[in-house]
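Visitor: Next comes the sequence, and after it the predicted model I'd like to discuss.
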Amino acid sequence: MFLFATTISRSAQNPSCVVLLRRSITQKAFAKTSSRTRTLAKSQGKVVILGSGWAGFGLMRQLDKKNYDVTVVSPRNYFVFTPLLASTSVGTLEFRCITEPVRGYSKDVDYHEAWCNKIDFDNQLIHCSSNLDDNKDEKFTLDYDKLVISVGAYSNTFNTPGVKEHGIFLKDINDARRIRARVLECFEYAAQPGLSEEEKSRKLHFAVVGGGPTGVEFSAELYDFITEDLSRLYPQLMDYTRMTVYDVAPKILGNFDKNLSNYATSKFKRRGIQIKTGTHVLEVKKDSLCLKEEGEVPFGMLIWSTGLMHNPLVESMTQVAKEPKSQRIITDRHLRVLDKDSQIPIPSVYAMGDCATIQEYDLPATAQVANQKANYLSKVFNREARGKEITEKGFSFDNRGSMAYIGKWEAVVDMTPVHQKATEGGHMAWLFWR
């Protein structure tokens, strides 16, 4: 109080100083009661992007920073090149090779490492909580002129008991690190003296639930890691090591051409990787799977890769239209989020990536779709910034096919959407995949 009075007294001789001081005090008091910081520096205002995955990061990179004030909110401060995530889990690639920092791309992008907990569409506000250790869960609010929801999706457990506690997902770098550590831990445990053959076999059984591209590619990478690297370090344990891929579907790689699916299956079986399709997991315990068809099956490590489910933020959004089965946000062809009751686009709100789908134009939740949506929306925003009319008829997906690595420098490539005969399996397909 004394310091304040002294400052006023000394400033009385200069009225302009008093005005500035009062203005500063008023602004600080206002800052404590409101977090509205809408910028007027850029002609098109503030674009807030939720998420730093294929959709969010792609849009951030391509937006015109001269006309848009771009802010990214994401619990992770980097982008992950997910197709090579399985490779990092076994050491084929180092983790830094498949990541790119959000802040490293452009100095004109503002970033907050935080979760978005709630969206206030009426007042154009998002309520967030910090994901930093030093101020974990500290709340703050941001406003927006345009909001792009690209928060992705979570791994679907189908409410199977024990999956979250005892299984490992493969969605992020931290998952890959955990897998690498767990594989080595299983081999070190089995190498200890005094263990029975049964105990070694239990610990060296690696189970993968999910026969889609992610599950198949991880199985292939793990097979290479065991046969090429760990076999030199633990030759005495190779006879106890086994891998099994479980899937409720009748075959693995169900979205691929039938011949390629059969090719991958035959290659896996020839290498000793068991494939058990039509299998239902009832429960996951600490060291075992409870299967409807076989009963209890022990494992040393379980990888769960069975598709996607809605993000908690999407679940909390009661105002938007959602697809009944997947609960993904429904947008129109221009990626504008639709109101649940009126089916009219909510002003200035867009959604793309795994968390969203297009009305009457359902697309798979893949990186290819998310990347193309980011390309489309960036063109729309940039045209608006230049004052040009939006002539696009809406987003249209250009399916360029699918690829999957199946081990031993072989892959399967299915580009039948491009040409009906464009399928390949083997070493040449691996070169193309790589």
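Guide: It's in. Numbers count the residues shown, from 1 in each chain.
Visitor: So, low pLDDT: which residues of the stretch 1-150 of the chain?
Guide: 1-42 (pLDDT under 70).
Visitor: Domain parsing of this structure, as residue ranges.
Guide: 46-153+310-385, 163-307 (automatic domain parsing).
Visitor: Distance to residue 400 and mean neighbour count added to these, as JSON lines?
Guide: Yep, even glycine has a C-beta here, placed from its N, CA and C like the rest. Listed next are those as JSON lines, based on distance: least, Cβ to Cβ, whole Å; neighbours: other Cβ atoms under 10 Å:
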{"stretch": "domain 46-153+310-385", "distance to residue 400": "6", "mean neighbour count": "19"}
{"stretch": "domain 163-307", "distance to residue 400": "14", "mean neighbour count": "18"}
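Visitor: Nearest to residue 423, out of those?
Guide: Of all those, domain 163-307 sits nearest to residue 423, with 4.9 Å by Cβ to Cβ.
Visitor: Need the distance between the two termini of that closest one.
Guide: 13 Å (Cα to Cα, to the nearest Å).
Visitor: what packs against the longest strand along the chain?
Guide: Counting residues, the longest strand in the chain under DSSP state E turns out to be strand 109-120. Packing partners of strand 109-120 (3 or more Cβ pairs under 8 Å, 6 or more residues apart in numbering; DSSP states H and E): strand 69-74, helix 102-105, strand 125-130, strand 139-143, helix 312-316.
Visitor: My guess is residue 108 contacts residue 68. True?
Guide: No. With contacts counted by Cβ atoms under 8 Å, residue 108 stays clear of residue 68, the gap being 9.1 Å.
Visitor: what's the neighbour count on residue 432?
Guide: 12 (other Cβ atoms under 10 Å).
Visitor: per-residue confidence for it?
Guide: Looking at residue 432, its pLDDT reads 90.
Visitor: tell me the contacts of it?
Guide: With contact set as Cβ atoms under 8 Å, 6 or more residues apart in numbering, residue 432 has these partners: 403, 411, 413, 424.
Visitor: rerun that using 6 Å as the cut-off
Guide: The neighbourhood of residue 432, defined by Cβ atoms under 6 Å, 6 or more residues apart in numbering, consists of residue 413.
Visitor: do residue 216 as well
Guide: Contacts of residue 216 were listed using Cβ under 6 Å, 6+ apart, and they are 252-253, 404.
Visitor: and if you look at residue 150?
Guide: 51, 55-56, 352-353.
Visitor: same thing but at 10 Å, please
Guide: Neighbouring residues of residue 150 by Cβ atoms under 10 Å, 6 or more residues apart in numbering: 49-60, 72, 74, 335, 350-356, 370, 373-374, 377.
Visitor: can you tell me which of those are in strands?
Guide: The strands, defined by DSSP E, take in 49-50, 72, 74, 350-351, 356 from the contacts of residue 150.
Visitor: can you pull up the bridge partners for residue 405?
Guide: For residue 405, the beta-bridge partners are residue 411 (DSSP bridges).
Visitor: Looks like it contacts residue 426 (just checking).
Guide: No. Residue 405 is not in contact with residue 426 according to Cβ atoms under 10 Å; the separation is 11.9 Å.
Visitor: closest to residue 299 among the ones in strands among the contacts of residue 150?
Guide: Out of the ones in strands among the contacts of residue 150, the member with the shortest distance to residue 299 (by Cβ to Cβ) is residue 74, at 33.0 Å.
Visitor: so what's the closest one closest to, chain neighbours aside?
Guide: Of all residues not flanking residue 74 in the chain, residue 52 sits nearest, at 3.9 Å (Cβ to Cβ, 6 or more residues apart in numbering).
Visitor: For the one you found, grab phi and psi.
Guide: Main-chain torsions, residue 52, degrees, to the nearest 10: phi -130, psi 30.
Visitor: what's it in contact with, if anything?
Guide: Remark: with contacts taken as Cβ under 10 Å, 6+ apart, residue 52 is in contact with 58, 60, 72-80, 100-102, 111, 113, 150-152.
Visitor: ok, so what distance separates it from residue 292?
Guide: Residue 52 sits 39 Å away from residue 292 when distances are taken as Cβ to Cβ, to the nearest Å.
Visitor: OK, contacts around residue 51?
Guide: 57, 59-60, 72-76, 79, 116, 148-152, 311, 313, 352-355, 370.
Visitor: For it, give its distance to residue 115.
Guide: In terms of Cβ to Cβ, residue 51 sits 11 Å off from residue 115.
Visitor: Can you read off the pLDDT for the residue lying closest to residue 59 once chain neighbours are set aside?
Guide: What sits nearest to residue 59 in space, not counting adjacent residues and going by Cβ to Cβ, 6+ apart, is residue 374, at 4.4 Å. Predicted confidence (pLDDT) for residue 374: 98.
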